[in-house]
Each structure stands twice: as C-alpha cells, then as structure tokens.
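Chemist: Give me a model of this one.
(one chain, ligands or ions: 1)
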Amino acid sequence: MTIHIGAEKGDIAPTVLLPGDPYRAKWAAENFLTAPRLVNEVRGMLGYTGTWNGHPVTIQGSGMGMPSLSIYANELIRDYDAQTLIRIGSCGGMQENVGIRDVLIAMTATTFGSPSKGIFRELNFAPCADWELLEAAVAHARKKQATFHVGGIYSSDVFYDERPDLNEQMIRHGILGVEMEAAELYTLAARHGRRALAVLTVSDHLITGEALPAEDREQSFGDMVEIALSAAFA
Ligand code: HPA
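Modeler: Numbering: from 1, shown residues only. Just a heads-up that it's a prediction; the model follows:
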C-alpha cells in the first residue's frame, strides 16, 4: 500500500494503463480484461487488475492534470515496480486534418511546466514516447485501419485556458492535440528507465469547436484501449 494506492504489491501488474477518469478505468477493465478485480479505490481513483490475452494488466485512474498523474505514476513505478505505463485518454484536436474520434499516438509531449520543471530549471527537456511501444501502437492502428496520427501533442496545465496565444503557437508548430498528462508521464518514465506511451482519442476540437457526442464515446475509446493493449504486448 502507498499513500494514494491501496493495492498490495502483487496486485499491480507490470503493465499499467492510465485513463484520467476512474470510471473509464472501470469501463475499460470490464470491457477488455478477463476477470478484472478492483485493487484500488482510495479517493475514488479506481484501479483494476485482470488479464488481457493471458497477460496481467492493471488499469488505474490517474486523475486530471500532471500533478495528479505524477502521484499515481510515481507510486506505480517506485512502489509497485510498473514497467510499462500507457496513458489512454481524450484530447482536443489542434490541426485541420485531425478529426473528432481520430486516434493520436503521441511521439512527444510539449509542456509549459510539468511537475518536473523544478528539476530541469533552465533546461527544456523533450519528453518523448518509448520507441518500441510507439512502433507497436502504429502497427496495430494500421492493422485495425483506424484513423490515426503520430506526432507531437501539448500537455497543458489548464483546461479553461486564458492564454489562447499559446495554443496558436502549438497549432503553428504542428502539434496534433492538447491534453493534460502525457509530458509528466514521459518524463517520469525517462527518469526511472520505464516504457511510456500516450494513445489518445480526439473528443473535441479547438479549431472547429466540434465535440464527440456522448453516445459515440465508447466505440471511439475502444479503439484506443485496444491499440494500447496490443502495443504493450507486441
Ligand atoms: N484541453 C485540455 N485537455 C483536454 C481537452 C482540451 O481541449 N480535451 C480533452 N482533454
């Protein structure tokens, strides 16, 4: 047990999927894992462990934003020895050719200031995905004929953004989408020698203002979960 995760040591698998929403952890565990069991409910941040194609997998909510994800990722890595950590979540589209429901596979994650900013000081560290996971995710997305994009994303600190000029710069520099967690996950994985990736579904669009209807969410999010699981065990 850790401060924020009530699971026993052996209850957490070496491969962990991290949705922001604890109820999405429940949904993904119930729909994709065999024999999922609840292993954490501290603060309602649900975590489940089961198997996928015979491989043990934990799906643990991370909460919203990098400070929250940082707590769960740190404890999963340091106390439970998680080796492969894949964020699954939603994001806002930032390019004209990125559509609602498309899957983004994040090669890099730009940030204004993750919780790790304190370590890097004047350095601008470039958080990037694990190459093996990225390559395997792309291969599976291709095989599934999913509509997907691979490239840089923006891990913002704010959802209600008072600095639209920053988004404009991101769009100008080809960033595919915005979310709030991946940069810190990639940085922690780099620091501790673990594998990390973020596979995201575009749920809304910053340019067109479109949003994914609630009834379409499950099908769209399902593609992302499948790509993440296939990448982990490729
Ligand atoms: N901004 C930040 N995070 C998000 C968004 C957004 O527009 N959509 C989904 N996650």
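Chemist: Compute the first-to-last residue distance for stretch 1-9.
Modeler: 7 Å (CA to CA, to the nearest Å).
Chemist: swap in stretch 69-88?
Modeler: End-to-end distance (CA to CA), stretch 69-88: 12 Å.
Chemist: same thing with stretch 90-108?
Modeler: Start and end residues of stretch 90-108 are separated by 16 Å (CA to CA).
Chemist: Stretch 219-230 near the ligand anywhere?
Modeler: No - using CB under 6 Å from any ligand atom, stretch 219-230 stays clear of the ligand, coming no nearer than 12.1 Å. No exception for glycine: its C-beta is placed from N, CA and C like everyone else's.
Chemist: ok, is the host helix or strand of V16 in contact with the ligand or not?
Modeler: Secondary structure from DSSP states H and E places V16 in strand 15-19. No - contact of strand 15-19 with the ligand (CB under 6 Å from any ligand atom) is absent, the minimum separation being 11.7 Å.
Chemist: could you give me the average pLDDT of that strand?
Modeler: The average pLDDT within strand 15-19 is 98.
Chemist: Quick check: neighbours of that strand in the sheet, parallel or antiparallel?
Modeler: Paired neighbours of strand 15-19 in the sheet (DSSP bridges): strand 55-60 (parallel), strand 84-93 (parallel).
Chemist: The last one near the ligand anywhere?
Modeler: Yes - with CB under 6 Å from any ligand atom as the criterion, the ligand is reached by strand 84-93 at 90-92.
Chemist: follow-up on the earlier one: just the C-alpha atoms of the strand holding V16, please, in PDB.
Modeler: Output of strand 15-19 as PDB, limited to C-alpha atoms (Å, rounded to 0.1, in the frame of the first residue of the first chain):
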ATOM      1  CA  THR A  15       1.800  -3.200 -17.400                       C
ATOM      2  CA  VAL A  16      -0.500  -0.300 -16.400                       C
ATOM      3  CA  LEU A  17      -3.000   1.600 -18.500                       C
ATOM      4  CA  LEU A  18      -3.700   5.100 -17.100                       C
ATOM      5  CA  PRO A  19      -7.000   6.800 -18.100                       C
END
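Chemist: can you list contacts of that strand?
Modeler: By CB atoms under 8 Å, 6 or more residues apart in numbering, the list of residues contacting strand 15-19 from outside reads 25, 28, 55-62, 69, 72-73, 76, 82-89, 181, 185, 225, 228-229, 232-233.
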